[in-house]
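>>> just coords:
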């Protein structure tokens, strides 16, 4: 490449060079990763096609310069970088000295054609090494060749002093492990390209090959897949971003495709020459972007049986367990051992099939051996590390195999993830659910008949001509409901096992921010600070210091207002009494939320003062009440502001105009209903009022928990909504919801026709107006959607836009009004008007559907959360017609739900769990909700059984109970009559009873007739 075309990011070079040397200085003891070396030596020779692209030497040059510099030597001391290279490369590197910011010193030694001059340069480098010390850090596994390398080795041999080479690969790997912003962007793009190629090429091609029964070998299929990336014309079909080609995307390795009973889950596996088999297919592939690697692997099940689906579902659980454990500060070995313990507890039969490691760190090098995810690695995970996480089971036996090649199968999941403070960020996005990776190509008649012997009851049912349902749709609904119940049972069992594992022997829970802390109040630091009025030995109310100064035995004694419980004033004859009660330990009915420094000390519980001056006592009494009121107000404000976290400063975009969304309103508003502009800056959003620039709302990306875009389809407004992790102050209001919206309706349009009448002449049907309205709404949706996507892009995917699904919406009452609740990918939301509702589904423990019983038009829904101190959220009055839709949605989100006929008192339930969660799960956990539901069902069926002749004749008490319950029993009897088919006399009798009830007729007679009729019928 010509020198003119090569540009080095000078700022990036100096920052990374300083970072490398600083880490070297901090980790340069004999036991650390740099092993007490004096210099770092990196030599690069000639590069040929057979050279290993993943070398520390190549990675370090790419990391510093952005390019590979062949025939180049770099020697790091702790204060200077010496570079020996040829003329063209030396001229390129000269630009590193032109940086105005903080530099890392660099000396460039230019080689030429004069061998004597070149030997002199090498000798200078040898002298620098010997002067610094004898221990030199090198990369011994990197094999370099060429005349340049030979010349350097000869110079070393001529040295009179002994030079000791020390392997510092692990130390440099630690520097590479934590990625900066530029590296993260490149890795995210590489992961995106890998995901798109997997979804848009391999999956489509694989399913088409299986469907058409074409024959192709694994090696040929891998070759076809490899050629796709090399052809830039295919980028549009693969839906690659427009700037994908700028980063020179390339393969990390040739795609690995395996099937037909022979599987190798190691990274070094290759595709063999056997034909693709329609059974269990595993594909793994990885793309490099700007030299940064990514990796993705998926398993595809063709016509799987239940056992295969169960094992794959368990693999998803293991992957979820692994990812939950991968947080900042966790040891690598703990991640692997936690996964292994989970398998031992849940599926010990699969323990020996589990992979020996869970992947490795990745970046400029595809596989960093220092960061293997195994059970022995003691390194800690740190934020912004990138890992290729590989979870799999190898060589599982399939007892229900349909052919020889299906008797053994393996399952594998690989994803590229980024370590964060909480759950890791998955960078490779491709479906992993069982329903998404399972393909069924066999016809129904080709499926094998079940070998399980049917029970006599099933045989009789099969021979009978009477069907349980009238329509095929009802049969489909029944099978769908059964599948949902089985899935819920599996989720409930999983929730129970997780609870037992999580709480074990925890005992009672204590919320961190609810720990009792003794608060000390200091009214006065010294005696001279007391008010002057105390000299008169009268009661003094010091408003400034929130203190009462009371005269006791001739002394002025201060009491902070927070120690006062209550004050009372009474009149007895000519005297007035003022009684002050103070907060002390052991008071009856007193909560334990007020701790004391020493509860065994002596406390003043009450003081009484008597005076004949009624006006003075009334004045003191009112002052104390006012002071107490203000103190309570201050304390409530302090508690309300306790969770306010001071945000970092917004870093404004400099040198160019930031992306803007004009004419939007903010909720909560700043200065009335005036529109402003929403801007995207380097690390957050800023809303600016057009009238006063100091009126602004700053929202940082790292404080956004959820970002929603809600189109104006069926709504009056189009909006972008931010739910925050920590509340912020807007004006004098604390809020964790900030919304930016624009009204979708045309302000100039008036339905009365008073305005714009002359413009719609000839359009009396308003067809043109409706088309204009649709165009306007579509333009608004497009503008807000593009702005939301731009937020995601400029935030480097820290914030992702979620869109509510209106098709899945249902009505409910979360607060006081009936609103439309819309599910999103991660939440359940109501955003159209305040108060807003955002329920994060990942925080939900279980959902309970209440008042689910026949005859009611509505039911309620309660969300309980994994944080047992968070109050459950109630959504009331959901139409019963939406019950199945709600169940399907909850089941699709893998949320455990139960249903019951009554509303539960959730306060005592959550308090019981908080007191002893271990005992709660040992007693069955949330299964008590299912038991109560089953008990209600059995009571309803039992009431039908009890309505027999013997029960009516048994005792007077029972007959009176049956008489009281005649209305409920009668409704069930009517249902039975309808099913069996009623005659005209019975229908007339029923109509007569209904008329009597409606018009206040002889209701008692009708009830007695109904009872006698039922008795006769039962006796008959």
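Noted; the coordinates are in hand. If you're wondering where the values come from, they're calculated on a predicted model, not measured in any experiment.

>>> Which positions in the helix of greatest length in the chain come out as buried?
The residue-count maximum for a helix in the chain (DSSP state H) belongs to helix 472-503. Neighbour-count burial for helix 472-503, counted by 16 or more other CB atoms under 10 Å, picks out 484, 488, 491-492, 494-499, 503. C-beta coordinates here come from the backbone N, C-alpha and C atoms, glycine included.

>>> How about stretch 695-712?
For stretch 695-712, by 16+ other CB under 10 Å, it's 695-701, 703-704, 706-712.

>>> immediately after the helix or strand hosting residue 196, which helix or strand?
Using DSSP states H and E, residue 196 sits in helix 181-197. Downstream of helix 181-197, the first helix or strand assigned by DSSP H and E is helix 203-212.

>>> Give me the pLDDT for the nearest residue to residue 737 once chain neighbours are set aside.
The spatial neighbour of residue 737 that comes closest, neighbours along the chain excluded (CB to CB, 6 or more residues apart in numbering), is residue 836 at 4.7 Å. Residue 836 carries a pLDDT value of 94.

>>> With residue 727 instead?
So, for residue 727, pLDDT stands at 88.

>>> and it, what element?
strand 717-730.

>>> swap in residue 738?
Residue-wise, residue 738 maps onto strand 733-743 under DSSP H and E.

>>> just the buried residues of helix 472-503 now: which is nearest residue 827?
Checking the buried residues of helix 472-503 against residue 827 with CB to CB, the nearest one is residue 491 at 19.1 Å.

>>> So which residues make contact with stretch 829-838?
667, 706, 708, 710, 715-717, 719, 721, 723, 737, 739, 804, 814-815, 819-823, 827-828, 839, 873 (CB atoms under 8 Å, 6 or more residues apart in numbering).

>>> nearest spatial neighbour of the residue lying farthest from the centre of the chain, skipping sequence neighbours?
Ranked by distance from the centre of the chain (CA atoms, centre = their mean), the top residue is residue 574, with 70.3 Å. Take residue 574 and drop its neighbours on the chain: the residue closest to it by CB to CB, 6+ apart is residue 612, 5.9 Å away.

>>> Does the one you found touch residue 573 like I think?
No: counting by CB atoms under 8 Å, residue 612 does not reach residue 573; the two are 9.6 Å apart.

>>> Have a look at the two and say which one is more surrounded.
residue 612 (10 against 6; other CB atoms under 10 Å).

>>> Now do the helices in the stretch 251-400 of the chain.
306-325, 332-346 (DSSP state H, counting those that start in this stretch).

>>> Mind putting those into TSV with mean pLDDT and distance to residue 34?
Formatted as TSV, the helices of the stretch 251-400 of the chain follow (pLDDT from 0 to 100; distance: least, CB to CB, whole Å):
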stretch	mean pLDDT	distance to residue 34
helix 306-325	93	29
helix 332-346	92	20
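
>>> want to throw the ones you listed into JSON lines with distance to residue 230?
JSON lines is the format used below for the helices of the stretch 251-400 of the chain (distance: least, CB to CB, whole Å):
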{"stretch": "helix 306-325", "distance to residue 230": "31"}
{"stretch": "helix 332-346", "distance to residue 230": "36"}
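
>>> Which among the ones you listed is found nearest to residue 787?
helix 306-325 (31.0 Å).

>>> Just give me how far stretch 193-200 sits from the chain centre.
23 Å (CA atoms, centre = their mean, to the nearest Å).

>>> List the buried residues in it.
Counting neighbours by 16+ other CB under 10 Å, stretch 193-200 gives 193-200 as buried.

>>> can you list the residues that contact it?
225, 228-229, 237-240, 244, 249, 283, 285-287, 289, 294-296, 298, 416, 428-431.

>>> Now, these that are in strands?
283, 285, 287, 296, 298, 416 (DSSP state E).

>>> residue nearest the centroid of this protein?
Mean-position check on the chain, CA atoms, centre = their mean. Result residue 842 at 6.1 Å.

>>> So what's the residue count around the residue lying closest to it once chain neighbours are set aside?
Spatially, and ignoring its direct neighbours in sequence, residue 842 is nearest to residue 826 (6.6 Å; CB to CB, 6+ apart). A count of nearby residues for residue 826, using other CB under 10 Å, gives 18.

>>> Quick check: the gap between residue 826 and residue 803.
11 Å (CB to CB, to the nearest Å).

>>> cool, residue 106 as well?
From residue 106 to residue 803 the distance is 50 Å (CB to CB).

>>> where does the stretch 401-550 of the chain have low pLDDT?
442-478, 505-520 (pLDDT under 70).

>>> could you pull out the helices for it?
434-437, 456-463, 472-503.

>>> Tell me where the stretch 1-150 of the chain has strands.
39-44, 72-76, 81-85, 106-110, 135-138 (DSSP state E, counting those that start in this stretch).

>>> Take the ones you listed and write them to CSV, including mean neighbour count and mean pLDDT.
Below are these laid out as CSV (neighbours: other CB atoms under 10 Å; pLDDT from 0 to 100):
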stretch, mean neighbour count, mean pLDDT
strand 39-44, 23, 93
strand 72-76, 22, 94
strand 81-85, 22, 93
strand 106-110, 17, 93
strand 135-138, 21, 92
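
>>> Could you dump the ones you listed into CSV with distance to residue 727 added?
CSV is the format used below for the strands of the stretch 1-150 of the chain (distance: least, CB to CB, whole Å):
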stretch, distance to residue 727
strand 39-44, 48
strand 72-76, 48
strand 81-85, 48
strand 106-110, 48
strand 135-138, 50
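
>>> so what's residue 918 closest to, chain neighbours aside?
That would be residue 503: by CB to CB, 6+ apart, it lies 4.7 Å from residue 918.

>>> do the same with residue 80
residue 105 (4.6 Å).

>>> Relative to residue 236, how far out is that neighbour?
For residue 105, the distance to residue 236 - CB to CB - is 47 Å.

>>> Among these two, which residue is more densely surrounded?
Counted by other CB under 10 Å, residue 105 and residue 236 do not tie: residue 105 has more neighbours, with 12 against 9.

>>> Surely residue 253 and residue 367 touch.
No: taking contacts as CB under 8 Å, residue 253 lies outside contact range of residue 367: 9.6 Å.

>>> Quickly list what's touching both of the two.
By CB under 8 Å, 6+ apart, the residues touching both residue 253 and residue 367 are residue 267.

>>> Identify the bridge partners of residue 724.
Beta bridges link residue 724 to residue 704 when assigned by DSSP bridges.
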